[in-house]
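Enquirer: When you get a sec, could you give me coordinates for this:
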Amino acid sequence: DPNWHQGVIGILAGRIKERFHRPVIAFAPVVENGVTLLKGSARSIAGVHIRDVLDTMAATHPGLISRFGGHAMAAGLVLPQANLPLFRQIFQDTIAKLVQPDDLGAILLSDGELPAECFSEVFAELIQQAGPWGQGFPEPLFHGEFLCLDQRILKEKHLKLSLSHPDSNRVVDAIAFNADLTVWSKQVERVRLAYRLDINEFRGVRSVQLMVSFIEPVEVTSAA
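Expert: Down below sits the predicted model:
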C-alpha cells in the first residue's frame, strides 16, 4: 500500500503470516537518492527458507531485486517500484514449487496437558531457565480445556481471560493477542487453548499468565 510506512511493514507481515499461515512480504515506498523504491519485509513459515527463496529469485531474474538479506524466517529487501507486478508473480511461482499443501496448514505441536499443580511461578520459571528458545528449539507449548470465569476485550483486538483449571479452584489469567473476536460477543463458559506459560509482572506483583497461541470456545451459553 503506498500509504504504509516502512517502520510498520515488519509487524504487518508478521500478523498476516500468523493469521493466514502463508509466507508474506509487505512493501512500503522509500525514497533513496531522489528515486522511489519499494522496501519489503518478509516473514515466513516452517519449511520455507525465505532468504533462500529471494536468493533463487535474484539468481534466476537478475535486476528484479536491488538488494536483500535475512535468514530462514525473516528477511528484508529493496526493489524498483516498477518491478512489483513481476516480483509478485515470480514470488508466487517460486513458493508454489517449494511448498506442499500440508505445509500451509497451521499445525501446532503440543507438549501435552499440564496438571493443575504446574500452574505455578516455580514451574514457569523452570521453563524459562531451560531456554533460550528459538528456531529449531521452540518454547514448550501446552494445551487443555479451562473454565472461563471472565472475558474482556483490550484495545479492540486482544482478548483477556480469567480461567480456572477443571481440577483446581486456582484462577489464572490468559491473554490472546490479535484474537479473532467474532465469537466473543457472547459469554463463553469453557475454552480450549494452546498456550505457553509465562510470568506477568505488574506493579511489583508476579503471577502466572498463559500466552495463548490458539483458542476456541467449547461452550457458549448467553449474551455477554
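Enquirer: Could you pull out the strands in this protein for me?
Expert: Per DSSP state E, the chain carries strands over the ranges 24-32, 35-43, 67-70, 74-80, 142-154, 158-164, 171-176, 186-202, 205-223.
Enquirer: between those, which gets nearest to Thr60?
Expert: Thr60 lies closest, by Cβ to Cβ, to one member of the strands of the chain: strand 67-70, at 13.8 Å. Every residue, glycine included, has its C-beta placed from N, CA and C.
Enquirer: how far does that closest one sit from the chain's center?
Expert: Remark: strand 67-70 is offset 22 Å from the chain centroid, using Cα atoms, centre = their mean, to the nearest Å.
Enquirer: May I have the predicted confidence score for the residue nearest to Leu12 when sequence neighbours are not counted?
Expert: Distances taken as Cβ to Cβ, 6 or more residues apart in numbering put Ala26 closest to Leu12, at 4.7 Å, once the chain neighbours are dropped. Ala26 carries a pLDDT score of 96 in this model.
Enquirer: Would you check how far apart Ala26 and Glu139 are?
Expert: Between Ala26 and Glu139 the distance is 26 Å, computed by Cβ to Cβ, to the nearest Å.
Enquirer: So for the two, which sits in the more crowded spot?
Expert: Ranked by neighbour count (other Cβ atoms under 10 Å), Ala26 and Glu139 place Ala26 first, with 22 against 16.
Enquirer: do you know how far the more buried one is from Trp4?
Expert: Taking Cβ to Cβ, one finds Ala26 at 7 Å from Trp4.
Enquirer: Can you pull the residues that touch both of the two?
Expert: When contacts are counted by Cβ atoms under 8 Å, 6 or more residues apart in numbering, the set common to Ala26 and Trp4 consists of Leu12.
Enquirer: on that earlier part again, include distance to Leu108 when you put the strands of the chain into CSV, please.
Expert: CSV is the format used below for the strands of the chain (distance: least, Cβ to Cβ, whole Å):
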stretch, distance to Leu108
strand 24-32, 19
strand 35-43, 17
strand 67-70, 25
strand 74-80, 20
strand 142-154, 8
strand 158-164, 17
strand 171-176, 13
strand 186-202, 5
strand 205-223, 6
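Enquirer: remind me which residues of the chain are low pLDDT?
Expert: Applying pLDDT under 70 to the chain flags the ranges 135, 183-185, 220-224.
Enquirer: show me the contacts for the nearest residue to Leu108 once chain neighbours are set aside.
Expert: Among residues not flanking Leu108 along the chain, Ala194 sits closest, at 4.9 Å (Cβ to Cβ, 6+ apart). Applying Cβ under 8 Å, 6+ apart to Ala194 gives the contacts Leu108, Ser110, Leu141, Phe142, His143, Val212, Ser213, Phe214, Ile215.
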